[in-house]
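Engineer: predicted model and sequence below, questions to follow.
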Amino acid sequence: MDATPATARFSFEPFAETAEYLAVNRAALSNLGRYISGAVRRVLDLATGVGTMVQLGREQIPALHEAMVVCIDASREAIIAGRRRLSGEPNLHWLQAFAQQLPLKGPFDLTTFGNGIHNLSHEDKLAALKDVFRVTAPGGLLFFNSAFYEGTVVEGTEGFYRAKILRAVAELKQMGVPRSKEGRAEARNWLKPEEYAELVRAAGFEIVYLGQREVRVYREGWRLICEYADYAAGALHGYPVDIAAKVLSRAVVSVLDEMGFLDEHGQRYIPRRWLEVIARKAPG
Ligand SMILES: C[S@@+](CC[C@H](N)C(=O)[O-])C[C@H]1O[C@@H](n2cnc3c(N)ncnc32)[C@H](O)[C@@H]1O
């Protein structure tokens with residue numbers, strides 16, 4: 001079963017606008033551009049959210065300027081928000097669908113699957129990658145990235161993650177918020193980079209790039225990540241997600257102020273890593 005229902009909670013937009021998020025995705029797409037040699041006519045953007053990958057992809061990769069893009073997301077709210085946000089962009093088509101059940105034939109020259117694959121169960125990750133393979137043209141590329149994998153926590157920052165959870169749980173207890181016994185959110189079953197590589201190969205692709213990018217995430221970035229319902233649901237599973245998100249975003253700000261590293265301007269941050277994968281379908 002998929003971890004995200006069709007009525008997926010959609011509170012991601014504010015974090016998607018932060019400087020850190022835009023920078024890490026810009027850098028990833030600029031790197032992707034190095035692997036694109038021929039023309040790119042048709043692009044699939046999976047888990048499109050508010051269309052960040054489409055917007056940054058067109059900005060960073062000249063070959064995408066004229067491409068037709070099909071933007072797919074499981075969430076109706078995402079599709080509505082993305083369509084509104086990119087209303088000035090030409091050649092976009094919006095579709096509510098699951099990545100693991102693509103209602104399309106293709107062929108696509110490129111699929112981008114930004115910051116979304118971790119939301120799927122193991123079974124659905126493989127089903128989605130196989131379905132992307134099915135709709136990819138010979139020689140076509142797949143790109144995905146994620147900050148929810150085994151390796152995202154930078155060594156020496158584990159205490160920050162523990163402290164924010166402990167502080168949030170203490171506050172939830174003090175408020176008398178009950179915790180249900182429901183299981184862990186799927187997003188917490190993080191894969192290692194090599195496990196992602198195995199899934200990609202099992203779907204039929206060959207890996208052409210696998211790397212990790214470290215990013216400094218500052219106060220507002222952490223506050224907005226923690227306000228993101230899916231993050232809060234994963235970090236504080238079992239609590240009502242709206243309350244958990246509010247309490248966690250308060251807790252993270254105070255923990256960051258105490259434990260964050262100081263940058264050259266005296267601003268506090270905690271670094272985090274993003275996994276990036278680029279794969280190719282063998283030319284026909
Ligand atoms: C964090 S957003 C990423 C948005 C954008 N791609 C980016 O990189 O900024 C994750 C998106 O994945 C969508 N999503 C989750 N599960 C999905 C699935 N099985 N199929 C398609 N979209 C899914 C969510 O609705 C959400 O909009």
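Structural biologist: Cool, got the structure. Residues are numbered from 1 along each chain as shown.
Engineer: nearest spatial neighbour of residue 284, skipping sequence neighbours?
Structural biologist: Closest residue to residue 284 apart from its sequence neighbours, by Cβ to Cβ, 6 or more residues apart in numbering: residue 138 at 3.4 Å. C-betas here are computed from N, CA, C, even on glycine.
Engineer: return the residues in contact with the spatially closest residue to residue 62 that is not a sequence neighbour.
Structural biologist: Closest residue to residue 62 apart from its sequence neighbours, by Cβ to Cβ, 6+ apart: residue 33 at 7.7 Å. Counting by Cβ atoms under 8 Å, 6 or more residues apart in numbering, residue 33 makes contact with 60-63.
Engineer: is the residue nearest to residue 284 in contact with residue 283, as I believe?
Structural biologist: Yes: using Cβ atoms under 8 Å, residue 138 is in contact with residue 283, at 5.0 Å.
Engineer: pull out the buried residues from the lowest-mean-pLDDT helix or strand in the chain.
Structural biologist: Sorting the helices and strands of the chain by mean pLDDT, DSSP states H and E puts helix 13-16 at the bottom, at a mean of 80. Judged by neighbour count (16 or more other Cβ atoms under 10 Å), helix 13-16 contains these buried residues: 13, 15-16.
Engineer: and the residues you listed, which is closest to the ligand?
Structural biologist: Closest approach to the ligand among these (Cβ to the nearest ligand atom): residue 16, at 5.1 Å.
Engineer: name all residues that make contact with that closest one.
Structural biologist: 22, 49-50, 52.
Engineer: picking that back up, tell me, which of the buried residues of helix 13-16 make contact with the ligand?
Structural biologist: The subset of those lying close to the ligand, counting by Cβ under 6 Å from any ligand atom, consists of residue 16.
Engineer: need the three-state assignment for residue 20.
Structural biologist: helix (DSSP: H, G, I helix; E, B strand; the rest coil).
Engineer: what does residue 45 give?
Structural biologist: Put simply, residue 45 is strand when judged by three-state DSSP.
Engineer: so in terms of bridging, what pairs with it?
Structural biologist: Residue 45 has these beta-bridge partners by DSSP bridges: residue 71, residue 112.
Engineer: relative to the ligand, how far out is it?
Structural biologist: 7 Å (Cβ to the nearest ligand atom, to the nearest Å).
Engineer: what is the neighbour count of that residue?
Structural biologist: 27 (other Cβ atoms under 10 Å).
Engineer: do the one 10 residues further on as well
Structural biologist: Each residue near residue 55 was counted by other Cβ under 10 Å, and the total is 19.
Engineer: which regions of the stretch 101-250 of the chain lie under the pLDDT threshold?
Structural biologist: Within the stretch 101-250 of the chain, the segments meeting pLDDT under 70 span 181-188.
Engineer: now do 80
Structural biologist: Scanning the stretch 101-250 of the chain with the threshold set as pLDDT under 80 gives 181-189, 229-230.
Engineer: in it, what residue spans correspond to helices?
Structural biologist: 122-135, 158-175, 193-202, 219-227, 229-235, 241-259 (DSSP state H, counting those that start in this stretch).
Engineer: can you report how many residues lie near residue 282?
Structural biologist: Applying other Cβ under 10 Å, we find 10 residues neighbouring residue 282.
Engineer: ok so, going back, and residue 110, which of the helices of the stretch 101-250 of the chain is closest to it?
Structural biologist: In terms of Cβ to Cβ, the element of the helices of the stretch 101-250 of the chain nearest to residue 110 is helix 122-135, at 10.4 Å.
Engineer: chain center to that closest one: distance?
Structural biologist: 16 Å (Cα atoms, centre = their mean, to the nearest Å).
Engineer: could I get the contacts of residue 33 as TSV with distance to the ligand?
Structural biologist: Output for the contacts of residue 33, formatted as TSV (distance: Cβ to the nearest ligand atom, whole Å):
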residue	distance to the ligand
60	13
61	15
62	20
63	19
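Engineer: in a markdown table, list those along with distance to residue 191 and secondary structure.
Structural biologist: Shown next, in a markdown table, are those (distance: Cβ to Cβ, whole Å; DSSP: H, G, I helix; E, B strand; the rest coil):
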| residue | distance to residue 191 | secondary structure |
| --- | --- | --- |
| 60 | 26 | helix |
| 61 | 27 | coil |
| 62 | 33 | helix |
| 63 | 30 | helix |
